[in-house]
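Dropping the sequence and predicted coords here.
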4 protein chains.
Amino acid sequence: MPRITKNPQERREEILDTAQALFGQKGYQQTAVSDIVKQIGVAQGTFYYYFKSKEEVADAIIARHLAHMLEPFSKVAGNGQWTAYEKMKVLLRMELSEDKGEGHEDAFQYLHHENNALLHQNLIVKMVRSFAPLLAAVFEQGVREGDFNIKEPLAVAEFFLTGFQFWLDSAIFHWTDAERRERVQSIGSIVEALLGMEPGMFSANRLLPGEH
Amino acid sequence: MPRITKNPQERREEILDTAQALFGQKGYQQTAVSDIVKQIGVAQGTFYYYFKSKEEVADAIIARHLAHMLEPFSKVAGNGQWTAYEKMKVLLRMELSEDKGEGHEDAFQYLHHENNALLHQNLIVKMVRSFAPLLAAVFEQGVREGDFNIKEPLAVAEFFLTGFQFWLDSAIFHWTDAERRERVQSIGSIVEALLGMEPGMFSANRLLPGEH
Amino acid sequence: MPRITKNPQERREEILDTAQALFGQKGYQQTAVSDIVKQIGVAQGTFYYYFKSKEEVADAIIARHLAHMLEPFSKVAGNGQWTAYEKMKVLLRMELSEDKGEGHEDAFQYLHHENNALLHQNLIVKMVRSFAPLLAAVFEQGVREGDFNIKEPLAVAEFFLTGFQFWLDSAIFHWTDAERRERVQSIGSIVEALLGMEPGMFSANRLLPGEH
Amino acid sequence: MPRITKNPQERREEILDTAQALFGQKGYQQTAVSDIVKQIGVAQGTFYYYFKSKEEVADAIIARHLAHMLEPFSKVAGNGQWTAYEKMKVLLRMELSEDKGEGHEDAFQYLHHENNALLHQNLIVKMVRSFAPLLAAVFEQGVREGDFNIKEPLAVAEFFLTGFQFWLDSAIFHWTDAERRERVQSIGSIVEALLGMEPGMFSANRLLPGEH
DNA sequence: AATGAATGAGTATTCATTCAT
DNA sequence: TATGAATGAATACTCATTCAT
């Protein structure tokens, strides 16, 4: 009831953050707009002052998420110092680690709610489309450096990202923890094959935490 | 109003067929149970006499679809005469051909309705889970025959099926026809890499229609 | 909560009656569908089982109302015994009397709620369109009988009904009771003029209650 | 964002003009206050600085419209030179002509949007109330001049204006163009009857464009 | 085996209006 | 004069499912 005016930027983020949290707890469909505004303590209309629809919020969250993921990925992929082989090791480690850094694992858990499958699928599609060109460039670098042996780097990048993201997604495949771990163990040799490398270059013990 | 009694088997199929047709026209969510029964000309209650829920119908349709696809796949994979290399060529051709045989292309178009993404995702997951062991056996055969060079056949089979099914799905990736065709062209060399084969063994002209 | 099944005819009327009563108390727009079903004691869905929308209910009420009014009107207009002059006297008396018979004055009060102006306007338009041909036939009869002198009976009938219904409608013109009474007094001489009659044939004391 | 200060008179008119234009395009109810201010390029608050409510704007537009119509009407009705018969001919011609002069036909088209029926009805009621006394005076003049034969000139004026305005309104009666034209043809003889004149004095060819 | 009337939970969205600045 | 962020009330409609017959 008391009218609290905020910096529009701030208010927008506030709505985004709250929506994201609730989507994670109850799923997108199950979260009512009224849930969101009640939690923030603003009027229903305020929500619609900032976003045209509930869907637009979901899109904005995904876009934000995508940007968050793209940044470190492109930093590594575009690094001028490293060899392609080193980049791949880093990228794989990044993607495979459960812990994405300081608290981010919570921030994006919302996608793993089983009611968010569609949202999730859309995110993966967008990721593949935006990461693939960067990854293809790394592949090409690797070919020039003599470590990779590969034709059609862009197609392979897309195929790999697609398989990687969907296959290892427990929310999609309903893997148990053990099942997922087994599959993570196999990723190394799949990458080696796809990139035409010597076996063992991406052996699990070189990829998983604890290695250096 | 006229009460028409039918053979239960027949009535069940009638509901399944009608539901499938409508899912294809409007999508699963957008198809109301009332749409289905109205089209058939029976009462709402009749629907629930045969199925516990709308979801059960979707599951039944998917199961039916899965069975339809599994049959030719396992026939090829389990064939005692062919080499693994021959089997792979046939399987790839089967999956890549737009025309899945006698009229079936229509029967399963329903999955390509953009509102059926979730149904579609579920089908792919089930396909991967049931096809992978068969495909892995073919891989192992190929290794024994000296044509394939591969470790962890089951993991590779799963990974490949996942990538293949999701990546080439226009309803999921929103590919244009041209975009999809490009990607189909690249599949051959991806398979060669994954199976550790000589380049060119699965070149597009050996896979696509017209080759023998 | 107890499920009470009724004869569909009966249930339909029940909804219509309740809606009409509420429209009269609060106006069409101000009456929520939930108000209607709560009053009856059925579920929201029951309403929509019988009517596609709230508007359809309003239309049905108006149609019913129109039928109720058309019946006595056409009985008089089509009577084989009376002269046109006698018919006109009876019709004018009917329309001018506040009391439309056995309790009907309540039943159709809903239109006079100021929030029902649009509904009301639609009803008048429909009335004019359906009464005019009957009235024109009476005019023609009067001409044949030598009492009326009139060209273009249909146009005059439409014009007269329109003027009559709108002008004397207190909800539209916001007349006070006194203002309306004055105007009712003048109707007789207007009719005389329109029908080309001798003055005094429809003098107020021949039209209003108390006369015979 | 740039704050543009204008002459208050000007700004007020700007709002009125814009609102009128939008009411004509989408109807009163369908036009949101936000539509109006967006079109002008001012803030929501500015609207409410000039008008207490959306309804007040509608009232102001109608009042303006009424004034525009009243002026020529009263000029003719109050003219000292003409006979009542001449005045009536001019007035009828004015009202029946599709083209109300220099571009005004566009300015008031808004009323003919079918969603403005209520606005329209209100305007007609106000017109009747303000034109009737002027018209009654003309009737009385005609009686004195021996051309009209009429009792109760005010009542007849009100009745005539009401019938005329509602009956010939295509937005209210949903007349087709042809239907409306037929009715316009009949107006002359209705006026003759109401004013107790000789037939033919207001024959269509004396009223419609082309006559002098 | 079939009917069909009845249930009832569930919510995104609009928009006129206010008010602190 | 003007801004624009914030308010908050208000509701028609869908549809999967049930159940008495």
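Noted; the coordinates are in hand.

Show me what the mean pLDDT comes to for the host helix or strand of A:Glu140.
Per DSSP states H and E: A:Glu140 is located in helix A:117-144. Mean pLDDT, computed over helix A:117-144, is 93.

That one near DNA strand E anywhere?
No - judged by C-beta under 7 Å from any atom of the strand, helix A:117-144 stays clear of DNA strand E, getting no closer than 14.1 Å. C-beta: built from backbone N, CA, C; applies to glycine.

Okay, buried residues for that helix please.
By neighbour count with 16 or more other C-beta atoms under 10 Å in any protein chain shown, helix A:117-144 contains the buried residues A:117, A:119-128, A:130-132, A:134-143.

how far away is A:Gly163 from chain C?
Using C-beta to the nearest C-beta, to the nearest Å, A:Gly163 is found at 46 Å from chain C.

If you drop the residues flanking it in sequence, what lies closest to that residue?
Among residues not flanking A:Gly163 along the chain, B:Gly163 sits closest, at 3.1 Å (C-beta to C-beta, 6 or more residues apart in numbering or on different chains).

Now do the one you found, the pLDDT please.
97.

Would you confirm that it contacts A:Phe159?
Yes - with contact defined as C-beta atoms under 8 Å, B:Gly163 reaches A:Phe159; the gap is 5.0 Å.

which residues do the two both contact?
With contacts taken as C-beta atoms under 8 Å, 6 or more residues apart in numbering or on different chains, B:Gly163 and A:Phe159 have B:Ile190 as neighbours in common.

Give me the residue at the spatial middle of chain A.
For chain A, the residue nearest the mean C-alpha position is A:Met69 (5.5 Å; C-alpha atoms, centre = their mean).

Does that residue belong to a helix, a strand or coil?
helix (DSSP: H, G, I helix; E, B strand; the rest coil).

Now it: closest residue in space that isn't a chain neighbour?
Nearest residue to A:Met69, sequence neighbours excluded (C-beta to C-beta, 6+ apart): A:Met127, at 6.7 Å.

May I ask which helix or strand of chain A has the lowest mean pLDDT?
helix A:104-107 (a mean of 50; mean pLDDT, DSSP states H and E).

Am I right that A:Met201 sits in a strand?
No - going by three-state DSSP, the assignment for A:Met201 is coil, not a strand.

So it is in contact with A:Glu86, correct?
No - with contact defined as C-beta under 8 Å, A:Met201 does not reach A:Glu86; the gap is 11.3 Å.

My understanding was that A:Asn149 contacts A:Val143; is that so?
Yes - A:Asn149 lies in contact with A:Val143 (C-beta under 8 Å); the separation is 6.9 Å.

what residues are up against the residue nearest to A:Gly163?
So B:Gly163 contacts A:159-160, A:162-163, A:166-167, B:190 (C-beta under 8 Å, 6+ apart).

swap the cut-off to 7 Å and go again
A:159, A:162-163 (C-beta atoms under 7 Å, 6 or more residues apart in numbering or on different chains).

same deal with A:Glu14?
A:Ile40.

repeat for A:Pro153
Each residue near A:Pro153 by C-beta under 7 Å, 6+ apart is listed here: A:136, A:139-140.

got the angle between the helix holding A:Glu140 and helix B:117-144?
40 degrees (axes from the mean of the first three to the mean of the last three C-alpha atoms, to 10 degrees).

can you give me the offset of helix A:117-144 from its chain's centre?
10 Å (C-alpha atoms, centre = their mean, to the nearest Å).

helix or strand right after it?
Using DSSP H and E, the next helix or strand after helix A:117-144 towards the C-terminus is helix A:153-167.

Check the burial of whichever residue of chain A sits closest to chain D by counting its neighbours.
Closest to chain D within chain A is A:Tyr49: 10.7 Å, counting by C-beta to the nearest C-beta. Applying other C-beta atoms under 10 Å in any protein chain shown, we find 13 residues neighbouring A:Tyr49.

Go ahead and list the helix or strand containing A:Ala63.
For A:Ala63, the element it lies in under DSSP H and E is helix A:54-77.

who does the very next helix or strand once past that helix touch, helix- and strand-wise?
Next helix or strand after helix A:54-77 toward the C-terminus (DSSP H and E): helix A:84-96. Applying 3 or more C-beta pairs under 7 Å, 6 or more residues apart in numbering or on different chains; DSSP states H and E, one finds that helix A:84-96 contacts helix A:54-77, helix A:117-144, helix A:177-194, helix A:204-207.

same thing but 10 Å
Contact analysis of helix A:84-96 by 3 or more C-beta pairs under 10 Å, 6 or more residues apart in numbering or on different chains; DSSP states H and E lists helix A:54-77, helix A:117-144, helix A:153-167, helix A:177-194, helix A:204-207 as its packing neighbours.

If we go by neighbour counts, what in it is buried?
Residues A:84-85, A:87-92, A:95-96 are the ones in helix A:84-96 that count as buried (16+ other C-beta under 10 Å).

Mind putting these into TSV with pLDDT?
Output for the buried residues of helix A:84-96, formatted as TSV (pLDDT from 0 to 100):
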residue	pLDDT
A:Ala84	96
A:Tyr85	95
A:Lys87	96
A:Met88	96
A:Lys89	94
A:Val90	94
A:Leu91	94
A:Leu92	93
A:Glu95	85
A:Leu96	84
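
Please name the residues that touch the residue in chain A that chain C sits nearest to.
Going by C-beta to the nearest C-beta, chain C is nearest to A:Ser34 of chain A, at 17.7 Å. Residues in contact with A:Ser34 (C-beta atoms under 10 Å, 6 or more residues apart in numbering or on different chains) are A:44, A:47.

Helix or strand: which one has it?
Element membership for A:Ser34, per DSSP H and E: helix A:33-40.

Do me a favour and get the end-to-end distance for stretch A:46-60?
17 Å (C-alpha to C-alpha, to the nearest Å).

quick one: average pLDDT of that stretch?
Stretch A:46-60 comes out at a mean pLDDT of 92.

Give me the contact status of it with chain B.
No - with C-beta under 10 Å from any C-beta of the partner chain as the criterion, chain B is not reached by stretch A:46-60; the gap is at least 13.9 Å.

What residue spans form the domains of chain A?
Split into domains by automatic domain parsing, chain A comes to A:1-51, A:54-207.

Among these, show me which one is buried the most.
Across the domains of chain A, averaging neighbours per residue (mean count of other C-beta atoms under 10 Å in any protein chain shown) puts domain A:54-207 on top, at a mean of 17.

does that domain come close to DNA strand F?
No - if you take C-beta under 7 Å from any atom of the strand as the test, domain A:54-207 misses DNA strand F, and the best it gets is 13.5 Å.

Kindly report the same for stretch A:27-43.
Yes - against DNA strand F, stretch A:27-43 shows contacts by C-beta under 7 Å from any atom of the strand at A:42-43.

So what's the gap between that stretch and the chain middle?
25 Å.

Format the CA atom coordinates belonging to the helix holding A:Ser34 as PDB.
Backbone C-alpha positions of helix A:33-40 (Å, rounded to 0.1, in the frame of the first residue of the first chain) are rendered in PDB as follows:
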ATOM      1  CA  VAL A  33       2.100 -13.600 -11.700                       C
ATOM      2  CA  SER A  34       0.400 -12.800  -8.500                       C
ATOM      3  CA  ASP A  35       2.900 -15.000  -6.700                       C
ATOM      4  CA  ILE A  36       5.700 -12.800  -8.000                       C
ATOM      5  CA  VAL A  37       4.300  -9.500  -7.200                       C
ATOM      6  CA  LYS A  38       3.100 -10.600  -3.800                       C
ATOM      7  CA  GLN A  39       6.600 -11.700  -3.000                       C
ATOM      8  CA  ILE A  40       8.000  -8.300  -4.000                       C
END
